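**Q** For reference, the sequence and a predicted model appear below.
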Amino acid sequence: MGPIAVFGAGSWGTTFAKVLADAGSEVTLWARRASVAESITTSRTNPDYLPGVELPATLKSTSDPRVALAGASAVVLAVPSQSLRHNLTAWRGLIDPSVTLISLAKGVELGTLARMSQVVVEVLGVPENQVAVVSGPNLAKEIAAEQPTAAVIACTDHDRAVRVQQACTTGYFRPYTITDVVGAELGGACKNVIALSCGMAGGLGFGDNTLATLITRGLAETARLGVALGADPMTFAGLAGLGDLVATCSSPLSRNRTFGERLGRGETVRQAQDAAHGQVAEGVKSCSSIRDLAMRHGVEMPITEVVHRVCHDGFDPREMAADLIGRKTKPER
């Protein structure tokens, strides 16, 4: 694979740019703010989003999308899910229609209820087999510190997935390939919502039994939605499902888990957002679109419903456990 442009210099975008550069790819990282691009270029650090991590000397950075896209054979999209359409619309005339498009965003778009790859296909007018998705347990700070991790590259074009896989394989980052884009994207989007619920439970003082229950039942409702949308059920037993879910629900590095903890301790959504200092907890918005998507397809997702009510309807997290435990009993399967 030739030169690669990475759009989005947040913690995950910067980390994935580092992975690509460490794998030997020629990488240019686009940052929205010129000051961030300048820091990456001059000091080899991104102090705003990845402090203390030295970036490869080969990694270039710019705030000019034209410079980032010059000669690119692949474009990595690492902007927040709810702003992806707006950004792509601005870049549409600059992106070569033949490039491989790689989505790092994990969410379901509000209003349209589109997955991120569907947004890319619609806005750029490319075939779906031109879009790959990266998912899995992707806690940026750990990967940037070169702690061993695995991920999934999902693309309906297997050969394209393999090319992306080869472009980001390093001694610490091991990607696998699958063709189930639907499953990979839903696993990545829904785990943020389940992590919010786990954070709330932790903030309320509940222990590991509650955490394990929420993770397991959260996986079940994610898989129900995935199957209704045509995903392979086995995807949810893999890195894009269980792997991503466990990491995001359990780690203090997870923005969604941390956000949920603040809500569980009694903070308002506004207070939790202010404490995040610009870091996006994707599940706060995605819980609404995922709930609506589930309702459209007649899928029951009680944890997602409760998270939506807490984040948007003023529901007290202290009532969450009673609401979920008090549901009608039934067989597990």
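**A** Yep, it's here.
**Q** for residue 273, what are its contacts?
**A** By C-beta atoms under 8 Å, 6 or more residues apart in numbering, the contact list for residue 273 reads 259, 281, 284. Every C-beta, even on glycine, is put in place using the N, C-alpha and C of the backbone.
**Q** surely residue 135 meets residue 186?
**A** No - at 9.6 Å, residue 135 does not count as touching residue 186 under the criterion of C-beta atoms under 8 Å.
**Q** domain ranges for the protein?
**A** Split into domains by automatic domain parsing, the chain comes to 4-179, 182-325.
**Q** which stretch in these has the least confidence?
**A** For these, the bottom mean pLDDT is recorded on domain 182-325, which sits at a mean of 93.
**Q** How are the strands of the chain distributed by residue range?
**A** Using DSSP state E, the strands found in the chain span residues 4-7, 27-30, 60-62, 74-77, 100-103, 131-135, 149-154, 173-178.
**Q** one step back: restricted to helices, list the contacts of residue 273.
**A** Counting by DSSP state H, those place 259, 284 in helices.
**Q** Mind putting the contacts of residue 273 into JSON lines with neighbour count?
**A** As requested, the contacts of residue 273 are arranged in JSON lines below (neighbours: other C-beta atoms under 10 Å):
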{"residue": "259", "neighbour count": "29"}
{"residue": "281", "neighbour count": "24"}
{"residue": "284", "neighbour count": "26"}
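**Q** ok, the contacts of residue 273 vs residue 139, which is closest?
**A** residue 281 (13.9 Å; C-beta to C-beta).
**Q** quick one: the nearest residue to the closest one once chain neighbours are set aside from residue 72, how far?
**A** Closest residue to residue 281 in three dimensions, ignoring its sequence neighbours and counting by C-beta to C-beta, 6 or more residues apart in numbering: residue 259, at 3.9 Å. Distance of residue 259 to residue 72, given as C-beta to C-beta, to the nearest Å: 34 Å.
**Q** And residue 116, by the same measure?
**A** Applying C-beta to C-beta to residue 116 and residue 72 gives a distance of 19 Å.
**Q** where exactly do the helices run in the stretch 101-250 of the chain?
**A** All helices of the stretch 101-250 of the chain, identified by DSSP state H, counting those that start in this stretch, fall at 116-124, 140-144, 158-167, 181-203, 208-228, 244-250.
**Q** Quick one, which of those helices gets closest to residue 21.
**A** helix 158-167 (10.5 Å).
**Q** Which neighbouring elements make contact with that closest one?
**A** In this structure, helix 158-167 packs against strand 100-103, strand 131-135, strand 149-154, strand 173-178, with contacts taken as 3 or more C-beta pairs under 8 Å, 6 or more residues apart in numbering; DSSP states H and E.
**Q** Put together CSV for these, with mean neighbour count and distance to residue 62 on each row.
**A** Below are the helices and strands packed on helix 158-167 laid out as CSV (neighbours: other C-beta atoms under 10 Å; distance: least, C-beta to C-beta, whole Å):
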stretch, mean neighbour count, distance to residue 62
strand 100-103, 25, 18
strand 131-135, 27, 22
strand 149-154, 24, 26
strand 173-178, 19, 24
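**Q** As CSV, the ones you listed with distance to residue 43 would be great.
**A** Output for those, formatted as CSV (distance: least, C-beta to C-beta, whole Å):
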stretch, distance to residue 43
strand 100-103, 27
strand 131-135, 27
strand 149-154, 26
strand 173-178, 24
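**Q** Out of the ones you listed, the one nearest residue 22 is which?
**A** With C-beta to C-beta as the measure, strand 173-178 is the member of the helices and strands packed on helix 158-167 nearest residue 22 (7.8 Å).
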